[in-house]
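Peer 1: A structural model of the following input is requested.
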Amino acid sequence: MRQRLLEATLQCLVEHGWSGTSTTLVSQRAGVSRGAQLHHFPTKADLVVAAVEHIATVRREELAQAAAALPRDQRRTREVLELLGEHFTADVFAAALELWVAARTDPQLLAAVEPLERVTGRETHRLTVEMLDVDESRPGARELVQATLDLIRGLGLASTISDDQARRARVLDRWAEVLDHELPRREHHRQERGTR
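Peer 2: So this is what the prediction gives:
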């Protein structure tokens, strides 16, 4: 029942936004009584804090699963960027975005969101380094990975207003070329590329 309430909270945030999400709506969406919802989450703040933790976990798990399924071929960089692009346009990103905006002016929500976003940010960075075989000991590598994440997060944010997939594809095509030329890779990656 707790899981159903958390999933319902995520879907309500995506469909109705922060201001349109209420505990009553979440209870109805989850198909549980108001009393059952109150038993698990006595206040909206309790529900939202749990939902923030749930969303952060789901975002990390979804990205890790998708990363594990990536094929290793010469278009890997572009495929990684596409995967990150999908991650930053998924429902779970839209729900997180609603929370970020609300947390800007809500100290209690900010206190819940901020530490989880730090963990999610570190994990996303780590997975990106792993997926791209980045040698972070080399100067500039960390900044290129962070620029990649900032770029794709920005494209995800833009997609909430308009759906311009063709422009996004062109941007990611060009950024993949930049990364393939500039990003320091671990030795085994360079050897693999040299044998193709």
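Peer 1: Any regions of the protein where pLDDT drops low?
Peer 2: Scanning the chain for pLDDT under 70 picks out 187-196.
Peer 1: All the helices of it, residue numbers only.
Peer 2: When secondary structure is read from DSSP state H, the chain shows helices at 2-20, 23-30, 34-40, 44-68, 76-87, 91-103, 107-132, 141-159, 165-182, 187-194.
Peer 1: now the ones you listed as CSV including mean neighbour count?
Peer 2: For glycine as for every other residue, the C-beta is placed from the backbone atoms N, C-alpha and C. Formatted as CSV, these follow (neighbours: other C-beta atoms under 10 Å):
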stretch, mean neighbour count
helix 2-20, 18
helix 23-30, 19
helix 34-40, 14
helix 44-68, 18
helix 76-87, 20
helix 91-103, 20
helix 107-132, 16
helix 141-159, 17
helix 165-182, 14
helix 187-194, 12
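Peer 1: so how far is Ile55 from the nearest residue to His87 once chain neighbours are set aside?
Peer 2: In this structure, His87 finds its nearest non-sequential neighbour in Leu63, 5.2 Å apart by C-beta to C-beta, 6 or more residues apart in numbering. According to C-beta to C-beta, to the nearest Å, Leu63 and Ile55 sit 13 Å apart.
Peer 1: ditto for Glu79
Peer 2: If you measure Glu79 against Ile55 using C-beta to C-beta, the figure is 25 Å.
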